[in-house]
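In: Take a look and give me a structure for this.
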Amino acid sequence: GTRYAHRTKTKQDAKLIPFVFETGDAYIIELTALAARFYQTGIIVRDSHAITVASWAAGVATITSAGNHGQIGDLIVVAGVTPAGYNGSYIVTAKAGNDLSYALASDPGAGTVFGTVADPYTITSPYALADFATLQYDQIGNVIFFAAGQALAARTLTRTAHTTWAFALATFTWGPLGYV
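Out: Numbering: from 1, shown residues only. Down below sits the predicted model:
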């Protein structure tokens, strides 16, 4: 069966692709229009970024952090901030540049020590929603090969670490036994 793990990026339609390297090392890849996110054991993969500013005004906390931030509606995890009132799991209510905002009823005070924010790890995908109908894939080790009709060049998606995945143009070499 299936179970709810997380909403898709900006609530878009998605194509779910299994990635199984070996028993105990498996992911689900969520492809939405021009983006990819990853799940392992039913939990969205998160990437942590250092917070540089934490502030509060009128029931809204705002944190500043360089990095790959989530989108409005994503669940983020804030940890290691002093005062501790900023810490916890929150739904992003606004995003502007490197700032993420979330509802926080009471003023925790000025931030003095800054921890991390963990948001869904997301990469850019070359595939639009219209490409999903013809998208085919096959996995060899840590690489998935993709083809989507004749209009798009074949691509690979390579995993080199838990939060390091990358799309690239596929290259094929003709060898003595065929394509390698």
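
In: can you pull the contacts of Ile17?
Out: 28-29, 31, 137, 144 (Cβ atoms under 8 Å, 6 or more residues apart in numbering). Where you see a C-beta, it was placed from the backbone N, CA and C, and this is true even at glycine.

In: Can you pick out the ones from the residues you listed that are in helices?
Out: With helices taken from DSSP state H, there is no overlap with those.

In: Just among the residues you listed, which is most surrounded?
Out: Greatest neighbour count in those, by other Cβ atoms under 10 Å, goes to Leu31: 25 neighbours.

In: for it, which residues make a bridge with it?
Out: Beta bridges link Leu31 to Lys15, Ala36, judged by DSSP bridges.

In: Identify the residues contacting the nearest residue to Arg46 once chain neighbours are set aside.
Out: Sequence neighbours aside, Ala118 is the residue nearest to Arg46 in space, at 4.0 Å (criterion: Cβ to Cβ, 6 or more residues apart in numbering). Going by Cβ under 8 Å, 6+ apart, Ala118 touches 46-49, 76-77, 79.

In: Now, the residues you listed that are in strands?
Out: 46-49, 76-77, 79 (DSSP state E).

In: could you say which helix or strand contains Pro108?
Out: Using DSSP states H and E, no element contains Pro108; it sits outside every helix and strand.

In: Just give me the neighbour total for it.
Out: Using other Cβ under 10 Å, Pro108 has 17 neighbouring residues.

In: same check, this time on the one 3 residues further on
Out: One way to gauge burial is a neighbour count; for Gly111, by other Cβ under 10 Å, it gives 22.

In: Now for it: which residues touch it?
Out: 51, 53-55, 81-83, 86.

In: Name whatever forms a beta bridge with the residue nearest to Arg46.
Out: Beta bridges link Ala118 to Ser48, Val77, judged by DSSP bridges.

In: ok, so what distance separates it from Ser101?
Out: 16 Å (Cβ to Cβ, to the nearest Å).
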